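S.K.: Quick check, what structure comes out for this input:
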Amino acid sequence: MKLIILDRDGVINHDRDDYVKSADECVPIEGSIEAIVRLNKAGFTVVVATNQAGLAKGKFELDDLEAMHEKITGLVEEQGGELGGIFYCPHHPDDNCKCRKPKPGMLDAIEAEFNTSVESSYFVGDSLRDLQAGLLKGCKPILVKTGKGEKTLAQLADVQLQTDSPTVCAEQVQVFANLAAAVDFILEANH
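M.R.: Predicted structure coming up:
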């Protein structure tokens, strides 16, 4: 199985400092939906792994989150593609759960769901947490400059960056302008 994991906010849709709280606020980044479809057509199973602390913080309800995910899924299906699944962490950052990135719980759940290993799969994200979660499970991390990507790129420039998860240095990460450009690279590398 050719599996690829995508973060949601800042990779597929525009991120917001005040949280994406509704389907109306869930606006795709130009080219992202088409990029997912291109991956599908090349034989990839595309899954989403997203932290959604806004749920625990009361910024939106579960119905709102489901409506956002239905919107993204519908847009992908309209273009002839499909999402293999959307995995999310609903917990507050202080809950110390196992699923909130950078912890690998969502990736463990993806492995269980698809009865496969995520090792060597591409993990596309815009935050340090995404890269760390991917590296913990042996994924190939890709950073996009959309969302928090530019800020994360600046953090990567400091090789001494220490966190509670593995240190991520720039040499470990491929960097692209957006998901569409990352998919160009992935499809070329897997041609």
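S.K.: Quick one: distance of the helix or strand hosting Phe87 to the chain centre.
M.R.: For Phe87, the element it lies in under DSSP states H and E is strand 85-89. Its chain's C-alpha centre and that of strand 85-89 lie 10 Å apart, by CA atoms, centre = their mean, to the nearest Å.
S.K.: Which residues does the following helix or strand past that strand contact?
M.R.: Per DSSP H and E, the first helix or strand lying C-terminal to strand 85-89 is helix 105-114. Here helix 105-114 makes contact (CB atoms under 8 Å, 6 or more residues apart in numbering) with 1, 3, 5, 45, 47, 49, 84-85, 87-89, 97-99, 117-118, 133-134, 136-137, 139. (C-beta placed from N, C-alpha, C; glycine too.)
S.K.: Which other helices and strands does the next helix or strand after helix 105-114 contact?
M.R.: Beyond helix 105-114 on the C-terminal side, the first helix or strand identified by DSSP H and E is strand 122-125. With contacts taken as 3 or more CB pairs under 8 Å, 6 or more residues apart in numbering; DSSP states H and E, strand 122-125 sits against strand 2-6, helix 128-136, strand 140-144, helix 179-189.
S.K.: pLDDT below threshold where in the protein?
M.R.: 158-170 (pLDDT under 70).
S.K.: what's the longest strand in it?
M.R.: If you go by DSSP state E, the chain has its longest strand at strand 44-51.
S.K.: the inter-axis angle of that strand versus helix 105-114?
M.R.: Angle of strand 44-51 versus helix 105-114, following axes from the mean of the first three to the mean of the last three CA atoms, to 10 degrees, is 140 degrees.
S.K.: What lies in contact with strand 44-51?
M.R.: Contacts of strand 44-51 (CB under 8 Å, 6+ apart): 1-9, 12, 36, 39-40, 72, 81-89, 100-101, 106-107, 110, 114, 123, 129, 133, 186.
S.K.: circling back to that earlier point, quick check: neighbours of the strand holding Phe87 in the sheet, parallel or antiparallel?
M.R.: Here strand 85-89 is paired, per DSSP bridges, with strand 44-51 (parallel).
S.K.: relative orientation of the partner strand and helix 179-189 in degrees?
M.R.: Using the same axes, to 10 degrees: strand 44-51 against helix 179-189 is 140 degrees.
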